[in-house]
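Trainee: With the input below, show me the fold.
(4 chains)
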4 protein chains.
Amino acid sequence: MPPSNPDHILLVDCPDCPGLVHAITGVLFRAGANVISNHEFVDTDSGRFFMRTACSGPLDDDAVQLAVQEILPAGSSVQMRRSIPRSIVVLASREHHCLADLLIRHEYGELGAQILAVVSNHENLRPLVEKFSVPFHTLSHEGLSREAHEEALQSFIAPLKPDYLVLAKYMRILSPGFVNRWPSRIVNIHHSFLPAFVGARPYHQAFHRGVKVIGATAHFVSNQLDEGPIIMQQVIPMDHSYTPRDLERAGRDIERTVLANSLRLLNEDRVFLCANRTIIFD
Amino acid sequence: MPPSNPDHILLVDCPDCPGLVHAITGVLFRAGANVISNHEFVDTDSGRFFMRTACSGPLDDDAVQLAVQEILPAGSSVQMRRSIPRSIVVLASREHHCLADLLIRHEYGELGAQILAVVSNHENLRPLVEKFSVPFHTLSHEGLSREAHEEALQSFIAPLKPDYLVLAKYMRILSPGFVNRWPSRIVNIHHSFLPAFVGARPYHQAFHRGVKVIGATAHFVSNQLDEGPIIMQQVIPMDHSYTPRDLERAGRDIERTVLANSLRLLNEDRVFLCANRTIIFD
Amino acid sequence: MPPSNPDHILLVDCPDCPGLVHAITGVLFRAGANVISNHEFVDTDSGRFFMRTACSGPLDDDAVQLAVQEILPAGSSVQMRRSIPRSIVVLASREHHCLADLLIRHEYGELGAQILAVVSNHENLRPLVEKFSVPFHTLSHEGLSREAHEEALQSFIAPLKPDYLVLAKYMRILSPGFVNRWPSRIVNIHHSFLPAFVGARPYHQAFHRGVKVIGATAHFVSNQLDEGPIIMQQVIPMDHSYTPRDLERAGRDIERTVLANSLRLLNEDRVFLCANRTIIFD
Amino acid sequence: MPPSNPDHILLVDCPDCPGLVHAITGVLFRAGANVISNHEFVDTDSGRFFMRTACSGPLDDDAVQLAVQEILPAGSSVQMRRSIPRSIVVLASREHHCLADLLIRHEYGELGAQILAVVSNHENLRPLVEKFSVPFHTLSHEGLSREAHEEALQSFIAPLKPDYLVLAKYMRILSPGFVNRWPSRIVNIHHSFLPAFVGARPYHQAFHRGVKVIGATAHFVSNQLDEGPIIMQQVIPMDHSYTPRDLERAGRDIERTVLANSLRLLNEDRVFLCANRTIIFD
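Mentor: Numbering: from 1, shown residues only, chains lettered A, B, ... in the order given. Here you go, the predicted structure:
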């Protein structure tokens, strides 16, 4: 029986053409890989082929990656890597609910990632973060231009070399310049629905509209506000008796679950980008 | 033990003030009403009080209504009525799924309403409707101005004196003039989310945005496109493998369930309007 | 761009061993098949490999099936077939809700199957079925032993050669002898939850237990009552105000949606059996 | 406009008879209470009437309670109290997920209750609990009879005078003697479904049965194992690719959300008992 813990992950994103699965699995077979699970998907809209293969065996990742690359057409992306935890930096502001959830999961090894640091533009979350022996760094935006504040942010984060930046209710809009430095590597959690209720006080908007469901969306950050590719969405039912404050309370419960689970997908290399949407191999 | 089938419904919508429940239930008590169930809600935003009381007993509806009206402040609306089925006219275009569902429920007495007629701007649904011995009337919009078409619609519908008009995938936008003739008496079912993806081909928009849930919303029709008070919303999870056509198929399942259940709420007098939202006593 | 309508489906269920995907896709590649979608799964518990491949091209199904069979180990099951509609016989008793739903979907070509006949032990559903020009056959159980009744059932059904028997609220328990004649080819829809509330009057049991969700389960019929492999389950929230009758009404909505969608999965060859559970490639 | 934070709660559970709402609201009106929200429900099965009224005003709770008591028939229960936080003792074993969630909510004042102490039969959760400055007490069951262990438990807990005991994955079965000391005051969270999969290793049972949904149930503890009145249930969809370990991970997410939300209902006096089920006024 194959071992249940794969230790190598092959990720392929390439133009679709006949025989791809056969060719790629041939490389793995000849390399002695034991395939544990295999997902493929062809996006007929863009004509692109996506594949994620988890395997075990005494493999040379670089050699396998090169061998797969050689049989694929131009415009292909191939990655062969160990399935080891990712590293992240969390950005927060004042709200604790998503951050606390990540800290608990991190403490018990359930996040699939190491939190290198938490950065906030406020001081109030320091006691919470330090309970869990995670470095906390305050970078106030007071008296700084957006550019200067983001420059400080980048100077602090870049040396840590995180795989992803996670916005756990970070309430400042990131400029295109900053976002471009972390392409498809910033994840945000958004109250309510995308693309609905874009703008301020969404729970009040939702209340006055009398919505009967509210939800949360985890998405990559792009340079269109709240418009990056969606990783995960969930909703819960509401009724007229919920005040805006009740909606927010219910929203917090769903936000933190959605953020944590979308990070699990990301940390296990289950998320592919395809134009403005995601392919999720769960 | 009280009978489980109430046969009178009292509906109150008035400015909130102290002692309302005591005063109103006093009128019912003195009239010999046996209260089966009672719902109240105060909308603190508007300061309005809503109450729905189901009761049984040998009651004079007009007298009770008058007696309640007399103890309430100006700006109150009171209705006391027998809990008998409502009457509706269904408007459809070419799609059968919501209409077929209503016809089946109607056939078996599960709709809480009598379908007086189905009107369509197309002919294709006639065989389906006539299977169930419901009158089908075609009013093509071809060669007619919007005004002329709506005038014909109104001339056909008005003499039937329906309580509600139900848009079961009726694909034409109704003009403000027509909507104003049926204030808060037209119910629509809308694919996808309100207020998201307003406009054409919503399932294609949803596909390209990679949404992970889709839903359906039943709402009253107001003169803001797809913006009337929401009666019911439900969603189901999606993933990247759903084509726009798959999304539509899944959407149909949820649309018809949501439309039928929102009509049940409406036909049982469980829906109150409060500015642009609904209070639902279910 | 590949055509979006695959017309051949390859189904493999075999002992897992290295190189299976490579070997099988090699046969398809050499036969000139254009793979549209591909799903595999290894059940580590039983050590079995499952694969469903949808493809197009000018293929000889028998030749491909033979070629795949030849490269697989003993104990393998291989099927290569055209993706054409299945045929079913529906068994019902008195309740209309699931049957009506199937008839509507059948009428509009949304079922992925042809309904060859509806058989009931009661007469009351005849008018409904005949509206849709589907043959209706009554086989009363009155005055017959279970064996004699099932013999009559088998005599009527067998010549129609259906792929599946669908129990759309058929309220008689089928004997092991009958079930054994249709192994893994009978689908049932069950109110409430499996394995909860086995036995009579489940909605009353659910009411007195105060359950906060109710659901429906579509499952294969085995010779353990309500215990065959589950194809699909869905639930909806309930509260204390639901009477047993309300629970039943809500249950009907979910039963018919779950039955219809599980038939879609079955008719598209997306359901594999693995011991007492199913592998679903959706 | 009425204040949105009611500070008194009236709770009534009595035999149903005509005029109850009128009579009770009359007492409140004469006492100068400003009713913020009012819920009533008649359980026709048992013939009992339930009411929860939230109000504000300069009220003498004891006097109001007495006055309401006087107008009600024998067999009535009346409680008038300030809406102040409840107090709880949490019992845990080794698993952290529910406990951590309660600690976070407690830390930020979102639990509606004060955690007086955490008691465990293991030591491993001490560092977590002490991070939040909540007293942690270990009472190992090693070498003790069940009676002796429960006696020690009772001796520790009783002097703290908690309103409720919360079993946050406490893995020992409480004896009838212990349960009888805390009637309807012990809340448990149960993996999977009640009454399904009673017994050991429920996630393995669920896996081998191939369930397509899993859930969590918060319930009062009675002297029938896992059979007390249900407060809240929620489910999430599963598929064949979930291993027992994946099911457990998903189960943890839902368990902690359900436990925390059921405690909110309880702490806000929204839960009434009616035979073996609950009436929830949310």
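
Trainee: what does the stretch 1-150 of chain A put close to chain B?
Mentor: A:41, A:43-45 (C-beta under 8 Å from any C-beta of the partner chain). From N, CA and C alone the C-beta is placed, and that goes for glycine too.

Trainee: Keep only those of these that are in helices.
Mentor: Judged by DSSP state H, helices contain none of these.

Trainee: now, which of those residues sits nearest chain D?
Mentor: Chain D has its nearest neighbour among the residues of the stretch 1-150 of chain A next to chain B in A:Phe41, at 14.9 Å by C-beta to the nearest C-beta.

Trainee: what separates the closest one from A:Phe281, distance-wise?
Mentor: Distance, A:Phe41 to A:Phe281, using C-beta to C-beta, to the nearest Å: 7 Å.

Trainee: Pull up the overlap in contacts between these two.
Mentor: With contacts taken as C-beta atoms under 8 Å, 6 or more residues apart in numbering or on different chains, the residues that reach both A:Phe41 and A:Phe281 are A:Phe50.

Trainee: quick one, strands of the stretch 51-200 of chain A?
Mentor: Assigned by DSSP state E, counting those that start in this stretch, the strands in the stretch 51-200 of chain A fall at A:77-82, A:86-92, A:113-120, A:136-138, A:164-167, A:186-191.

Trainee: Redo the ones you listed as a markdown table? Include distance to C:Pro176 and mean pLDDT.
Mentor: Converted to a markdown table, the strands of the stretch 51-200 of chain A look like this (distance: least, C-beta to C-beta, whole Å; pLDDT from 0 to 100):
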| stretch | distance to C:Pro176 | mean pLDDT |
| --- | --- | --- |
| strand A:77-82 | 52 | 96 |
| strand A:86-92 | 53 | 97 |
| strand A:113-120 | 52 | 98 |
| strand A:136-138 | 66 | 98 |
| strand A:164-167 | 56 | 98 |
| strand A:186-191 | 53 | 92 |
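
Trainee: Show me the one of the ones you listed that comes nearest B:Asp7.
Mentor: strand A:186-191 (44.6 Å; C-beta to C-beta).

Trainee: Just the C-alphas of the helix or strand just after the closest one, formatted as PDB.
Mentor: Using DSSP states H and E, the next helix or strand after strand A:186-191 towards the C-terminus is helix A:202-209. Provided in PDB are the C-alpha atoms of helix A:202-209 (Å, rounded to 0.1, in the frame of the first residue of the first chain):
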ATOM      1  CA  PRO A 202     -20.500  46.600   4.100                       C
ATOM      2  CA  TYR A 203     -22.400  45.200   7.000                       C
ATOM      3  CA  HIS A 204     -24.600  48.300   7.200                       C
ATOM      4  CA  GLN A 205     -25.100  48.100   3.500                       C
ATOM      5  CA  ALA A 206     -26.100  44.400   3.900                       C
ATOM      6  CA  PHE A 207     -28.500  45.300   6.700                       C
ATOM      7  CA  HIS A 208     -30.300  48.000   4.800                       C
ATOM      8  CA  ARG A 209     -30.600  45.700   1.800                       C
END
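
Trainee: ok, helix A:202-209 near chain B or not?
Mentor: Yes. If you take C-beta under 8 Å from any C-beta as the test, helix A:202-209 does meet chain B, through A:207-209.

Trainee: rewinding a little: want to try CSV for the strands of the stretch 51-200 of chain A, with distance to C:Asn223 and mean neighbour count as columns?
Mentor: What follows is the strands of the stretch 51-200 of chain A, written out as CSV (distance: least, C-beta to C-beta, whole Å; neighbours: other C-beta atoms under 10 Å in any protein chain shown):
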stretch, distance to C:Asn223, mean neighbour count
strand A:77-82, 48, 16
strand A:86-92, 49, 23
strand A:113-120, 48, 21
strand A:136-138, 61, 15
strand A:164-167, 52, 23
strand A:186-191, 49, 23
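
Trainee: and chain C, which of the ones you listed is closest to it?
Mentor: Here strand A:77-82 is closest among those (C-beta to the nearest C-beta), at 16.6 Å.

Trainee: Okay, now the sheet partners of the closest one, with direction.
Mentor: Paired strands of strand A:77-82, with direction, are strand A:8-15 (antiparallel) (DSSP bridges).

Trainee: Run the chain-centre distance for the strand it pairs with.
Mentor: The chain centroid and the centroid of strand A:8-15 are separated by 18 Å under C-alpha atoms, centre = their mean, to the nearest Å.

Trainee: Which residue, other than its chain neighbours, is closest to A:Asn261?
Mentor: A:Met232 (6.0 Å; C-beta to C-beta, 6 or more residues apart in numbering or on different chains).

Trainee: Can you show me the helices along chain A?
Mentor: So, for chain A - with DSSP H - the helices run A:20-30, A:61-71, A:97-107, A:126-131, A:146-157, A:176-181, A:202-209, A:244-267.

Trainee: Return the set of buried residues in the fourth one.
Mentor: Neighbour counts over helix A:126-131 (16 or more other C-beta atoms under 10 Å in any protein chain shown) mark A:128-129, A:131 as buried.

Trainee: ditto for stretch A:28-43
Mentor: Buried, per 16+ other C-beta under 10 Å, within stretch A:28-43: A:28-29, A:31, A:33-43.

Trainee: out of these, who's near chain D?
Mentor: Filtering the buried residues of stretch A:28-43 for proximity to chain D (criterion: C-beta under 8 Å from any C-beta) leaves A:Ser37.

Trainee: Just the closest of the buried residues of stretch A:28-43 to B:Thr257, please.
Mentor: So of the buried residues of stretch A:28-43, ranked by how close each gets to B:Thr257 (C-beta to C-beta), first place is A:Phe41, at 29.3 Å.

Trainee: roughly how far apart are that closest one and C:Val221?
Mentor: Counting by C-beta to C-beta, the gap from A:Phe41 to C:Val221 is 34 Å.

Trainee: what do you get for A:Arg249?
Mentor: Taking C-beta to C-beta, one finds A:Arg249 at 45 Å from C:Val221.

Trainee: among the residues of the stretch 1-150 of chain A next to chain B, which are in strands?
Mentor: The strands, defined by DSSP state E, take in A:41, A:43 from the residues of the stretch 1-150 of chain A next to chain B.

Trainee: so can I have JSON lines of the residues of the stretch 1-150 of chain A next to chain B showing pLDDT?
Mentor: As requested, the residues of the stretch 1-150 of chain A next to chain B are exported to JSON lines (pLDDT from 0 to 100):
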{"residue": "A:Phe41", "pLDDT": "94"}
{"residue": "A:Asp43", "pLDDT": "92"}
{"residue": "A:Thr44", "pLDDT": "88"}
{"residue": "A:Asp45", "pLDDT": "88"}
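
Trainee: so where is the stretch 51-200 of chain A shaky, pLDDT-wise?
Mentor: Flagging of the stretch 51-200 of chain A using pLDDT under 70 yields the residue ranges A:193-199.

Trainee: tell me the contacts of the closest residue to chain C within it?
Mentor: At 8.9 Å from chain C, A:Thr53 is the closest residue in the stretch 51-200 of chain A, using C-beta to the nearest C-beta. A:Thr53 is in contact with A:9-10, A:24-25, A:28, A:35, A:37-39, counting by C-beta under 8 Å, 6+ apart.

Trainee: Is it bridged to anything, and to what?
Mentor: If you apply DSSP bridges, the partners that A:Thr53 bridges to are A:Leu10, A:Asn38.

Trainee: Contact partners for A:Asp269?
Mentor: A:9, A:11, A:52, A:81, A:83.

Trainee: again, but for A:Ala113
Mentor: A:85-88, A:106, A:163-164, A:263, A:267.

Trainee: could you redo the last one with a cut-off of 10 Å?
Mentor: Contacts for A:Ala113 (C-beta atoms under 10 Å, 6 or more residues apart in numbering or on different chains) come out as A:85-88, A:90, A:102, A:105-106, A:162-164, A:166, A:263-264, A:266-268.
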